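Asks: here is my input, please return the structure:
(2 chains)
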Amino acid sequence: MIEVNGLKKIYEVKRRQNFFCSEKEKIEAVKDISMKLEKGQIVGLLGINGAGKTTTIKMLTTLIEPTAGTYSFDGIDAIAHPDKVKRQINMIAGGERMIYWKLTAYENLWYYGQLYGIENSLLKKRIEELLKIVGLEEKANLPVETFSKGMKQRLQIARGMINDPKYIFLDEPTIGLDAIVTQELHKEIIRLAKEEEKGILLTSHYLSEVEELCDYIYLVNAGELVFEGTKKNLTDYVFSKNRYVFSVKGMDEAIIIKLRDHLRSIDLESEVMHENGNAVITSKAELSANIAEFAVNESLIINELHKLEPSLEQAVIKLSKNIESKGVDIA
Amino acid sequence: MDLKVLRATIKKEFQIRLRAYPVDFMLGCILTSFYTVFGAWMMYHYFFGKRLATDFSNLTGTSDYMSYAIVGSLVYMFVVRTCLNVSRRLITELREGTLESLMLAPFKRTSYFVGNMILQTIMTLGETAIAMVIGVFFGLKIHDFCFWKFVIALILSIYGFFGLSLILGCVMIYTRDTYISQNTLFTAIFLVCGITFPKEYLPGILQFVGNIIPVTDCLTLMRADFLGGLTNGRFIYIAMRIFLVGSVYVFTGFPLLKQLEKIALEKMEG
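Replies: Predicted coordinates for the structure are as follows:
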């Protein structure tokens, strides 16, 4: 398990005052982040505004040192023993970085395998397996510079798996990929977590991707953790009211008024709006049965009645708007 | 030293060079040496009128200026090629987007840099040998050659240049500049290390700068191997001085580079 406690990173940057003078300024990129990641779990790390996601990932992968805080991998202190931790982890980033374009796919994997000190016969076997998994076995001996974006990304995934890591950090892994490749990658991520028991930490701008893949979410804003929980926890937390869509044959303003009166007798704060021939109902109370009862009593033929489940994207957008208007007031 | 990483680095770099740089890159290096030798030849024949200062022989131990300048040019080519490529390794990784994936792996940096230095030395030795043949046409004469002294001078030169590369690499990775830093160093080497004229002609402060750059002493040993003019005792003294100065560069360069790697990765945040 990865355990992170009170992680903090302060950068010292120089701000140029004029051509000759510059002033040092301290920027707190990550303020106080604590989190956990179990093997076999896919955890999302989402950010709102300049959140410090990449800094957090760089600290967790031992690329940069934290200013304060501790983190361990299966009980190994990552700050005291970075080389031991490096053997257990790897990172896959989006884009076309992290591989040598002048080398072939096979040569790239071979070189990285050597850096991890993998025994040659095992490395050969692993390279062949990985190239097969990412569908590049036919292109193994072609220079990477001749690859498409998707192929480069697939090779990066193979590179990220070369040391058979227990924990994988995915930093915007599907950025710039087309839908089919993205879908294949999603399947592979799920397989790695569920079948191979890899712990995966994912950052992504695509909230639908996080929604599809992640079991648990950490949401950071300006270097601070503002929420943690499942997607359901987040949407329940952000959207305290239920929303329903209700439509009947011959829906008109009179029905809307009757419905509003009926529902206000149950929840005074409930709202009914007439939108595109539907009634859109908002209420803190659970009203599905009451709406159906109303339709039966009024002898209406129901076309549609369902509860709207807010998406992760809607939840994050609403939360970020709340933060912008009220400041961070969420524990 | 991790031999696995060392061998892998040599192989990887060789494959990349083979694909990235066409033959004309090597030709360019030989031409640089040709132009330097040709420049010295022109100055000697048409500007100085083959007349040397009276103290030249006393200072250099030889009266053969063309051989003196050609050996200087060959060593200069050697130092530029090795320093240039080794010092640029990390910043090249940074620019090509492979620094992060490299630093993620738990390998020893020493093997990585030594691997790069070995490959570059092998390639540069080939280029220098060709340039040496060109030098013969401009008047290079071998007056006194001792194989073992040459081997000692070569090994110490590689050690000294390696240390210099590490420090230059630190400057490059910190400033994220290759052009200004490398050209400043190479110009300084050309001017104060006695490439085409004895450094004793320079003011005291510049001579001091020349003495703390290992190229000056390496050049003295190499010239002694080809042109003579140095006693065994003096040869050993200078050899030890190169080892000491080189060690200062190497043992300062490695820890500094490790620190700067972190800074470079932090700077990638923008």
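Asks: which helices and strands does the helix or strand harbouring residue B:69 pack with?
Replies: Per DSSP states H and E, residue B:69 falls inside helix B:65-87. The elements that helix B:65-87 packs onto, with contact taken as 3 or more C-beta pairs under 8 Å, 6 or more residues apart in numbering or on different chains; DSSP states H and E, are helix B:23-42, helix B:109-137, helix B:147-175, helix B:179-192, helix B:214-227. Placement of C-beta: from N, CA and C, glycine included.
Asks: to residue A:291, which of those lies closest?
Replies: For residue A:291, the closest of those is helix B:147-175, at 65.8 Å, according to C-beta to C-beta.
Asks: briefly note if the closest one comes near chain A.
Replies: No: interface with chain A: helix B:147-175 contributes nothing (C-beta under 8 Å from any C-beta of the partner chain), its closest point being 12.3 Å away.
Asks: got the angle for that helix vs helix B:179-192?
Replies: Going by axes from the mean of the first three to the mean of the last three C-alpha atoms, to 10 degrees, helix B:147-175 is angled at 140 degrees with respect to helix B:179-192.
Asks: okay, now the unreliable bits of the stretch 1-150 of chain A?
Replies: Within the stretch 1-150 of chain A, the set of residues satisfying pLDDT under 70 comprises A:49-50.
Asks: ranges for the strands of it?
Replies: In the stretch 1-150 of chain A, the strands defined using DSSP state E, counting those that start in this stretch lie at A:2-16, A:22-37, A:42-47, A:68-73, A:76-77, A:89-93.
Asks: who's in contact with residue A:241?
Replies: A:282-284 (C-beta atoms under 8 Å, 6 or more residues apart in numbering or on different chains).
Asks: among those, which one has the most neighbours?
Replies: residue A:283 (21 neighbours; other C-beta atoms under 10 Å in any protein chain shown).
Asks: for the stretch 51-200 of chain B, give the residue positioned nearest to chain A.
Replies: residue B:97 (3.1 Å; C-beta to the nearest C-beta).
Asks: which residues does the nearest residue to that residue once chain neighbours are set aside contact?
Replies: Counting by C-beta to C-beta, 6 or more residues apart in numbering or on different chains, residue A:97 is the residue found nearest to residue B:97 once chain neighbours are left out, at 3.1 Å. Counting by C-beta under 8 Å, 6+ apart, residue A:97 touches A:156, B:97-98, B:100-101.
Asks: in the lowest-mean-pLDDT helix or strand in chain B, what counts as buried?
Replies: The least trusted helix or strand in chain B, going by mean pLDDT, DSSP states H and E, turns out to be helix B:23-42, with a mean of 79. The neighbour-count check on helix B:23-42 (16 or more other C-beta atoms under 10 Å in any protein chain shown) flags B:26, B:29-30, B:32-34, B:36-37, B:40-41 as buried.
Asks: now, which of those sits nearest residue B:5?
Replies: Nearest to residue B:5 out of the buried residues of helix B:23-42 is residue B:26 (C-beta to C-beta; 26.4 Å).
Asks: which one's the longest helix in chain B?
Replies: What stands out as the longest helix in chain B, according to DSSP state H, is helix B:232-267.
Asks: who are the contact partners of the residue most central in space within chain B?
Replies: Among the residues of chain B, the one closest to the centroid is residue B:79, at 1.3 Å (C-alpha atoms, centre = their mean). Contact analysis of residue B:79 by C-beta under 8 Å, 6+ apart lists B:157, B:161, B:164, B:189, B:215, B:218.
Asks: now residue A:57
Replies: Contacts of residue A:57 by C-beta under 8 Å, 6+ apart are A:45, A:91, A:169, A:171, A:201, A:203.
Asks: how about 10 Å then?
Replies: By C-beta atoms under 10 Å, 6 or more residues apart in numbering or on different chains, the residues touching residue A:57 are A:45, A:63-64, A:91, A:93, A:169-172, A:201-203.
Asks: find the nearest non-adjacent residue to residue B:150, please.
Replies: residue B:225 (4.5 Å).
Asks: verify the stated contact: the one you found with residue B:147.
Replies: Yes: using C-beta atoms under 10 Å, residue B:225 is in contact with residue B:147, at 8.7 Å.
Asks: between the two, which has more neighbouring residues?
Replies: residue B:225 (22 against 8).
Asks: what about that one, distance to residue B:57?
Replies: Relative to residue B:57, residue B:225 is positioned 18 Å away (C-beta to C-beta, to the nearest Å).
Asks: circling back to that earlier point, so which of the strands of the stretch 1-150 of chain A is nearest residue B:128?
Replies: Between these, strand A:89-93 lies closest to residue B:128; by C-beta to C-beta that is 40.7 Å.
Asks: can you tell me the helix or strand for the nearest residue to residue A:134 once chain neighbours are set aside?
Replies: Among residues not flanking residue A:134 along the chain, residue A:154 sits closest, at 4.0 Å (C-beta to C-beta, 6+ apart). Following DSSP H and E, one finds residue A:154 within helix A:149-160.
Asks: in that helix, what's buried?
Replies: Going by neighbour count (16+ other C-beta under 10 Å), the buried part of helix A:149-160 is A:150-160.
Asks: and what of stretch B:162-182?
Replies: For stretch B:162-182, using 16+ other C-beta under 10 Å, the buried residues are B:162-174, B:178, B:181-182.
Asks: also stretch B:55-73?
Replies: B:56, B:60-62, B:64-73.
Asks: and residue 62, what does it touch?
Replies: Just going to use chain A. By C-beta under 10 Å, 6+ apart, residue A:62 lies in contact with A:71, A:73, A:78-79, A:81-86, A:89, B:103-104, B:106.
Asks: I was thinking of chain B, sorry if that wasn't clear
Replies: B:56, B:68, B:71, B:141, B:143-144, B:223-224, B:226-229.
Asks: count of neighbours near the closest residue to residue A:127 other than its chain neighbours?
Replies: Distances taken as C-beta to C-beta, 6+ apart put residue A:109 closest to residue A:127, at 4.5 Å, once the chain neighbours are dropped. Number of residues near residue A:109 (other C-beta under 10 Å) recorded here: 26.
Asks: you'd agree residue A:109 is up against residue A:140?
Replies: Yes: contact between residue A:109 and residue A:140 holds when scored by C-beta under 10 Å: they sit 8.7 Å apart.
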